[in-house]
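**Q** need a 3D model of the following:
(2 chains)
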2 protein chains.
Amino acid sequence: MYADKTPSHIRQLIRNGEYNDNTSGLAPGFVQGNLAILPKAWADEFLQFCQLNPKPCPIIGMSGQPGQFMLPELGEDLDIRRDVPRYRIYENGVMTQELNDISEVWRDDLVTFVLGCSFSFEEALLADGLEVRNISEGVNVPMYRTNIECRPAGRFSGTTVVSMRPMKAADAIRAVQICTRFPSVHGAPLHLGDPSLIGIEDINQPDFGDAVTIKEDELPVFWACGVTPQVAIEQAKPSFCITHSPGYMIVTDLPNSRLAIL
Amino acid sequence: MYADKTPSHIRQLIRNGEYNDNTSGLAPGFVQGNLAILPKAWADEFLQFCQLNPKPCPIIGMSGQPGQFMLPELGEDLDIRRDVPRYRIYENGVMTQELNDISEVWRDDLVTFVLGCSFSFEEALLADGLEVRNISEGVNVPMYRTNIECRPAGRFSGTTVVSMRPMKAADAIRAVQICTRFPSVHGAPLHLGDPSLIGIEDINQPDFGDAVTIKEDELPVFWACGVTPQVAIEQAKPSFCITHSPGYMIVTDLPNSRLAIL
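**A** I've put the predicted structure just below:
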């Protein structure tokens, strides 16, 4: 019922309170983004953190001035205060509330970051005929903390979180080729094969999301994950912060194909 | 002493009988090719075989007419009868002699095929800072027969032969990216990880070339190999055939970078 609506129409429904579910499967072909909103006093260091760690933290949009809530580069009418179906508010690193609209808590010093998300490359993998296990099993993608250190920036630091999709070797090679075209949605995988080499002890016990089946003739393939900046934010405990609720993304007007570098 | 000479100069030395060693390391930066010369009565089917199996059999040059021995597209003065340091002559599938010059056995019905070789992509891997184990250990690359069937064409058929280079996962991912740019020198790997999945029983017992060290934290990475068409030719037993001797390639004027599709 919502899958065939334009991104603009979906945002309008969200803005008017007529849609408040997760955004998975909405507006196929268009980029959805992770959200991080921080006070200017924290935003510069967060920007630096993203710049130093582009694979887990690819910025696809950012407000030009503190306080700016319209992001026309991502959608002509896009109001970041009202167009995400569910937000999480953090104070000093602790989540204090979930809201469907942040107009009431908006401040003139807030800087918005929209980060690329795996929906875009999963769509490209599916379009190529590859199986994406979390989609075929109808669960959240399994995600793991690793021992791969992010490059720290000011108060932001931490290790890389990865998502995992099991594939036959030939499909993994094809996935590297496809995802290489999309550096702003995590790009090529970081690792494949032996999970212990990146500090994952039990592949069947993800730290976030759900476990998926890994068949005998498959390799686990690991991508840098957008949960990485969220973990870095939790660790930094900024005085104030707003994110999207997991799965409740900002739907943009950018076609996924526009993220392809070639 | 020969490494800094131009491809044209090297071919001249070979043509004059002043150089008759293998061509490994000669004319760095320039494409070297595998050679297959077949009578017209066999050449059409061989061309079809290469077309159907482009990863192991990438054609980078071909004579325009039967009997044509100059290949100006690969080198202005390139004479395929005299510019390879060592040739093998096969009759009905049996090697009958090795020659440094095939002018005496040349026939008007012979069609020449020059196929891309792994030297070009190994150079690209090294230039990117990756280790190529067979080079660092100073041995021939290990090659294996697999259970991956080639698509047959007329009398030509067989299974794919692969070369193997062990790498850490992150390097293997980078190698996929680099080699994808070079489809005419075997392109991206065919397989990585478990050798038994492509029918290789003992990774330490290559069918051709030499075994190399595989470290604990490495995956074997497998590329389609130019020995595949040689095996298909041996199996087809054409009445007459000329190839280069392994390692004694045709040195062309094509820069390796010209083979990059991007």
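**Q** alpha carbons only for contacts and neighbour counts from here, please
**A** Noted.
**Q** contacting residues for the nearest residue to residue A:167 once chain neighbours are set aside?
**A** Setting aside the residues directly before and after it, residue A:167 is nearest to residue A:218 in space (Cα to Cα, 6 or more residues apart in numbering or on different chains), at 4.9 Å. By Cα atoms under 8 Å, 6 or more residues apart in numbering or on different chains, residue A:218 lies in contact with A:166, A:167, A:168, A:169.
**Q** please repeat the previous calculation with a cut-off of 6 Å.
**A** Contacts for residue A:218 (Cα atoms under 6 Å, 6 or more residues apart in numbering or on different chains) come out as A:166, A:167, A:168.
**Q** among the residues you listed, which lie within strands?
**A** Of the contacts of residue A:218, the ones assigned to strands by DSSP state E are A:166, A:167.
**Q** buried members of the contacts of residue A:218 into PyMOL, please.
**A** To isolate the buried members of these in PyMOL, using 16 or more other Cα atoms under 10 Å in any protein chain shown:
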select buried, chain A and resi 166+167+168
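**Q** JSON lines please, covering the contacts of residue A:218 and showing pLDDT and distance to residue A:197.
**A** Shown next, in JSON lines, are the contacts of residue A:218 (pLDDT from 0 to 100; distance: Cα to Cα, whole Å):
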{"residue": "A:166", "pLDDT": "98", "distance to residue A:197": "16"}
{"residue": "A:167", "pLDDT": "98", "distance to residue A:197": "18"}
{"residue": "A:168", "pLDDT": "98", "distance to residue A:197": "19"}
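**Q** what sits against residue A:243?
**A** A:35, A:36, A:87, A:88.
**Q** and the last one, what are its bridge partners?
**A** On DSSP bridges, the residues paired with residue A:88 through beta bridges are residue A:98, residue A:243.
**Q** unless I'm mixing things up, it is touching residue A:101, no?
**A** No - assessed by Cα atoms under 6 Å, residue A:88 is found out of contact with residue A:101, at 10.1 Å.
**Q** near chain B, which residues of the stretch 101-250 of chain A?
**A** Applying Cα under 6 Å from any Cα of the partner chain, we find that the stretch 101-250 of chain A lies next to chain B at A:169, A:170, A:191, A:192.
**Q** hmm, try it at 10 Å
**A** Applying Cα under 10 Å from any Cα of the partner chain, we find that the stretch 101-250 of chain A lies next to chain B at A:168-181, A:188-194, A:196-197, A:217-219, A:221.
**Q** so which of those residues are in helices?
**A** In helices, defined here by DSSP state H, the members of these are A:169, A:170, A:171, A:172, A:173, A:174, A:175, A:176, A:177, A:178, A:179, A:180.
**Q** how close does residue A:52 sit to chain B?
**A** As judged by Cα to the nearest Cα, to the nearest Å, residue A:52 and chain B stand 18 Å apart.
**Q** please verify my assumption that that residue contacts residue A:229.
**A** No - under the criterion of Cα atoms under 10 Å, residue A:52 makes no contact with residue A:229, lying 11.6 Å away.
**Q** rewinding a little: for the residue nearest to residue A:167, give me phi and psi.
**A** Phi and psi for residue A:218, reported as degrees, to the nearest 10, are phi -110, psi 150.
**Q** mind checking pLDDT for it?
**A** Model confidence at residue A:218, given as pLDDT, is 98.
**Q** could you do residue A:77 as well?
**A** According to the prediction, residue A:77 has pLDDT 95.
**Q** and for it, the neighbour number?
**A** 15 (other Cα atoms under 10 Å in any protein chain shown).
**Q** still on that earlier bit, what is the nearest of the ones in helices among the residues of the stretch 101-250 of chain A next to chain B to residue A:96?
**A** Set against residue A:96, the nearest of these by Cα to Cα is residue A:179 (36.2 Å).
**Q** got the domain ranges for chain A?
**A** As recorded under automatic domain parsing, the domains making up chain A are A:7-116+A:236-259, A:119-229.
**Q** returning to what we had before: in JSON lines, list the contacts of residue A:243 along with neighbour count and pLDDT.
**A** Putting those into JSON lines (neighbours: other Cα atoms under 10 Å in any protein chain shown; pLDDT from 0 to 100) gives the following:
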{"residue": "A:35", "neighbour count": "28", "pLDDT": "97"}
{"residue": "A:36", "neighbour count": "22", "pLDDT": "97"}
{"residue": "A:87", "neighbour count": "24", "pLDDT": "98"}
{"residue": "A:88", "neighbour count": "20", "pLDDT": "96"}
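**Q** what about chain A, any weak spots by pLDDT?
**A** Chain A contains residues with pLDDT under 70 at A:1.
**Q** 80 - rerun?
**A** Low-confidence segments of chain A (pLDDT under 80): A:1-3.
**Q** so which residues of the stretch 101-250 of chain A form strands?
**A** Assigned by DSSP state E, counting those that start in this stretch, the stretch 101-250 of chain A shows strands spanning A:110-116, A:143-149, A:159-167, A:191-192, A:219-224, A:240-244, A:250-255.
**Q** wait, which of the ones you listed is closest to residue B:45?
**A** Nearest to residue B:45, of all the strands of the stretch 101-250 of chain A, is strand A:159-167, at 35.5 Å by Cα to Cα.
**Q** residues contacting residue A:152?
**A** Listed by Cα atoms under 10 Å, 6 or more residues apart in numbering or on different chains, the contact set of residue A:152 reads A:45, A:46, A:48, A:49, A:50, A:52, A:53, A:158, A:159, A:232.
**Q** any idea which of these is closest to chain B?
**A** The closest of these to chain B turns out to be residue A:53 (Cα to the nearest Cα; 16.1 Å).
**Q** re earlier: now tabulate the contacts of residue A:152 in a markdown table and tack on distance to residue A:64 and neighbour count.
**A** Formatted as a markdown table, the contacts of residue A:152 follow (distance: Cα to Cα, whole Å; neighbours: other Cα atoms under 10 Å in any protein chain shown):
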| residue | distance to residue A:64 | neighbour count |
| --- | --- | --- |
| A:45 | 16 | 16 |
| A:46 | 15 | 27 |
| A:48 | 15 | 16 |
| A:49 | 18 | 22 |
| A:50 | 16 | 23 |
| A:52 | 20 | 16 |
| A:53 | 21 | 20 |
| A:158 | 27 | 22 |
| A:159 | 29 | 17 |
| A:232 | 23 | 20 |
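**Q** from those residues, which land in helices?
**A** Of the positions in these, A:45, A:46, A:48, A:49, A:50, A:52, A:232 sit in helices, assigned by DSSP H.
**Q** burial measure for the residue of the stretch 1-150 of chain A found nearest chain B, as a count.
**A** Chain B sits closest to residue A:148 of the stretch 1-150 of chain A, with a gap of 12.1 Å, by Cα to the nearest Cα. Using other Cα under 10 Å, residue A:148 has 15 neighbouring residues.
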